[in-house]
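Colleague: Let's see this in three dimensions:
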Amino acid sequence: MALEQEAEGDGPEGRMGARIEDCSCPRGGGWRPGAGWARREEVQAEIDTLPLHQRPSIREMGRRTESSEVPFRKGRGDVPRPSPSPLPSPSPAPLPRAGEGALITIHRVGTRMEIAAVSPEAAALGLHSGMPLTQARAMIPGLDIRNAEHEADAAILERLALFAARRWTPAAAVSAPDGLWLDLTGVTHLFGGERSICARILRFCARAGFAARIAVAGTAGAAYALARNAGGPITLCPSGREAEAIAPLPLEALRIGEDSAIAARRLGIDRIGDLIAMPRAPLARRFGQALLTRLDQALGSAAEPLEPIVPADPPSASVRFAEPIASAEAIDTALDRLMSGFVDTLGEKGLAAKRTILFCSRIDGEEQRIVIGTARASRDRNHLLRLLRMKIETIDPGFGIEAMRLVAGRCEPLGPQPIEGGLGGEKPDPDLVPLIDRLAGRLGARRLFRISAVESDVPERSLARVGPLSPAAGWPDWPRPVRFLSPPEPIDRVMAELPDQAPLRFLWRGRMHRTARADGPERIYGEWWRKSGEADAVRDYFEVEDEDGARFWLYRRGDGIDARTGDLSWWLQGMFG
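Modeller: Sure, this is the predicted structure:
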């Protein structure tokens, strides 16, 4: 190694240049050759790349902290001098806590608390499932610790399995505690191949807020091991190469107990590949048959049946005729018979129908579909039958209907309900639900609504349509018109005195109106947090009554002073009475 060095001296040769060759340690520096901290810069760079909990302490590095200067210690013949007061410096920003943003869930295992699940931030700090809580707290202070909710997790997994059984494959099952089994045999070609269906499932999980990894293999055990130990989001294992794919994985990937994994490591068995290469008889005597069964299931030598979750069929009732029917009277009679069985089925399951679908199968292969809905879930036979009879005229029987079926498209639980009214003979409040359902059947469900107030300063955004039975928010104390125009309509030929006077006359829909009385202005500012263009917007509203007694609600864009607030155009927002 060749190194060039310059040294300074106090003699006549104050500066000399020396070239040292074939020497691994420079001379004349500020350290002695062979010191353990000579490569402190390289070592410190390596330490900075490690997580906080893995960095060595000062004692492990062989260093010591520098002692601070004692203010009352005097040197030989020195006189203490007052040090100049330092300039005030801004207080440094607080350093982030070590465990800030790291979330873990815990549960009780025996007599101690263990980590059930960790967030990505906590996993980056070295935490993992099964670690004692006391150890995690000692390693990383400031963790966000919450109790695990295993019942809620199981309910979410069951809902995801039901969704997968309806959307992707009929064979879907829950893989406790954090996965799903999906049998893709015979369905991948419907989605463009294995990788395409995996990408579709991952996109759905991302939209639902779940982070997921998918592995496709010829056996359930290999798919389980690869999904939880492979690096990428999608792992595709060719059929017949399961042994090669799972060989480098740890023993826990075989779903064996922790005791068996620890005992195997004591014998030097760390990977599944080591287990595959060993003779089976000694393994069975040492670890039992359970370990070999899991290994055979992963390699395909032993069967592993799955118990798929079966989506519950919706409540329904059907009837098939000996001869096709085509008249309205025959259809009415069939509906009366069909509704009795349908209501009985709902009552047995404790449900009520909010959306009911009638299927009429014709002899020519076509199917008529009639849909009715109710504002409130009901299993009132007479009410549902009345709504269906209103739709009989829309049924086209063709050459005849050979079968009819009623299906509850949307159901809700319905238990015992209290009797309305009081024991003293008070009359109950009238029930508007039957009337609303009949009007919705005639006019359409979208034409029945209520107007509810919404918290907003802009009048166009302060109103919203809600369902006919939904609660409506209260109205503000400010006067508002009965008839509201959205969007507002422009008015022309306005004569008004700026900046704060009401219009003396205006033209709206081809008619000139002259103001008799006016009140205002009521100033409303734009909602800058919704739209950046409303940062400076201003509206001045006026209540105007014309000579004929008609009352209007007008506004002017702008305050009449600053051009940024509006263009001073006039608009009609609504009418009073």
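Colleague: Now the element after the helix or strand harbouring Arg195, going C-ward?
Modeller: Using DSSP states H and E, Arg195 falls within helix 194-208. Later in the chain than helix 194-208, the nearest helix or strand by DSSP H and E is strand 214-216.
Colleague: Now whichever helix or strand comes after that following strand: average pLDDT?
Modeller: For strand 214-216, the following helix or strand on the C-terminal side (DSSP H and E) is helix 220-229. Per-region confidence: helix 220-229 scores 92 on mean pLDDT.
Colleague: Counting by contacts, list what helix 220-229 packs against.
Modeller: strand 179-182, strand 214-216, helix 242-246, helix 289-299 (3 or more Cβ pairs under 8 Å, 6 or more residues apart in numbering; DSSP states H and E). For every residue, glycine as well, the C-beta is placed using N, CA and C.
Colleague: mind running it again at 6 Å?
Modeller: strand 214-216, helix 242-246, helix 289-299 (3 or more Cβ pairs under 6 Å, 6 or more residues apart in numbering; DSSP states H and E).
Colleague: Paired strands for the shortest one, with orientation please.
Modeller: For strand 214-216, the paired strands and their directions (DSSP bridges) read strand 234-236 (parallel).
Colleague: How about residues contacting stretch 523-532?
Modeller: 457-458, 534-535, 537-540 (Cβ atoms under 6 Å, 6 or more residues apart in numbering).
Colleague: before we move on, what about stretch 103-113?
Modeller: Contacts for stretch 103-113 (Cβ under 6 Å, 6+ apart): 115-119, 122, 132-133, 143-146, 148.
Colleague: about what we covered before: the helix holding Arg195: how far from the chain's middle?
Modeller: The chain centre lies 15 Å from the centre of helix 194-208; the measure is Cα atoms, centre = their mean, to the nearest Å.
Colleague: Now do the buried residues in it.
Modeller: Neighbour-count burial for helix 194-208, counted by 16 or more other Cβ atoms under 10 Å, picks out 197-199, 201-202, 204-205.
Colleague: Would you format those as TSV with pLDDT and distance to Leu435 included?
Modeller: Below are these laid out as TSV (pLDDT from 0 to 100; distance: Cβ to Cβ, whole Å):
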residue	pLDDT	distance to Leu435
Ile197	94	48
Cys198	94	51
Ala199	94	50
Ile201	94	46
Leu202	94	48
Phe204	94	41
Cys205	92	44
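Colleague: Dump these into CSV; add distance to Thr188 as well.
Modeller: Converted to CSV, the buried residues of helix 194-208 look like this (distance: Cβ to Cβ, whole Å):
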residue, distance to Thr188
Ile197, 6
Cys198, 9
Ala199, 12
Ile201, 12
Leu202, 15
Phe204, 16
Cys205, 18
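Colleague: of those, closest to Met404?
Modeller: Phe204 (35.9 Å; Cβ to Cβ).
Colleague: Would you quantify the distance from that closest one to Ile214?
Modeller: Phe204 sits 11 Å away from Ile214, taking Cβ to Cβ, to the nearest Å as the criterion.
Colleague: do Glu46 as well
Modeller: Using Cβ to Cβ, we find Glu46 at a distance of 36 Å from Ile214.
Colleague: So those two - more neighbours on which side?
Modeller: Ile214 (24 against 9; other Cβ atoms under 10 Å).
Colleague: tell me the contacts of the more buried one?
Modeller: Contacts of Ile214 (Cβ under 6 Å, 6+ apart): 198, 234.
Colleague: Could you give the bridge partners of it?
Modeller: With DSSP bridges as the rule, Ile214 is bridged to Ile234.
Colleague: And for Arg146?
Modeller: In beta-bridge terms (that is, DSSP bridges), Arg146 pairs with Thr105.
Colleague: ok, it - how many residues close by?
Modeller: With other Cβ under 10 Å as criterion, Arg146 counts 12.
Colleague: Ala152 too?
Modeller: Ala152: 9 neighbours (other Cβ under 10 Å).
Colleague: same deal with Ile325?
Modeller: Ile325 - counted by other Cβ under 10 Å - has 18 other residues nearby.
Colleague: Assess the claim that it and Glu402 are in contact.
Modeller: No: the criterion here is Cβ atoms under 6 Å, and Ile325 misses it with Glu402 at 8.2 Å.
Colleague: Tell me who's in contact with the nearest residue to Glu307 once chain neighbours are set aside.
Modeller: Once flanking residues are discounted, Glu307 sits nearest to Ala173: 5.7 Å by Cβ to Cβ, 6 or more residues apart in numbering. By Cβ under 6 Å, 6+ apart, the contact set of Ala173 is 181, 306-309.
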